[in-house]
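> Predicted coordinates and the sequence they were generated for:
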Amino acid sequence: MTKYVAALALLLLPAAASAEVGFAFTVENATGAPIKVYANDTSKCDLAPGASCRITVPSEDTAFFYAKAGAQRIAFSPGNLEAIDRCTLNADGSVHCVDPNGR
């Protein structure tokens, strides 16, 4: 019986692990106001000024937006999702993204 339970657990483990497969980067709110960050039409996180969150998406074909409360969404592109580590969203609507080495 123990062998069967262990075998079942091994079969289920890859499915659970694959839920986090994709591309991830950190978004930092430097806008000075609370914002909401979206990937496609899905809200990913609510950020207070100066706060950050980690976003994971399944593919590079993702549209990213952020919006202040009651304001229109602002589209942004982090660039190459394989290389990006952190994107800072600025008050003027600009976005600064860097790789793990800060470039």
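Yes, it's here.
> neighbouring strands for the longest strand belonging to the chain, and are they parallel or not?
The strand that spans the most residues within the chain, counting by DSSP state E, is strand 23-30. Looking at strand 23-30 with DSSP bridges, its partner strands are strand 52-57 (antiparallel), strand 86-90 (parallel).
> tell me which residues of that strand are tucked away?
23, 25, 27, 28, 29, 30 (16 or more other Cβ atoms under 10 Å). Just so you know, the C-beta spots here come from the backbone N, C-alpha and C atoms, and that holds for glycine as well.
> Can you pull out the residues in contact with stretch 37-52?
26-36, 53, 55, 57, 62-67, 73, 86, 89 (Cβ atoms under 8 Å, 6 or more residues apart in numbering).
> Of all the residues in it, which ones are buried?
Buried, per 16+ other Cβ under 10 Å, within stretch 37-52: 37, 38, 39, 44, 45, 47, 52.
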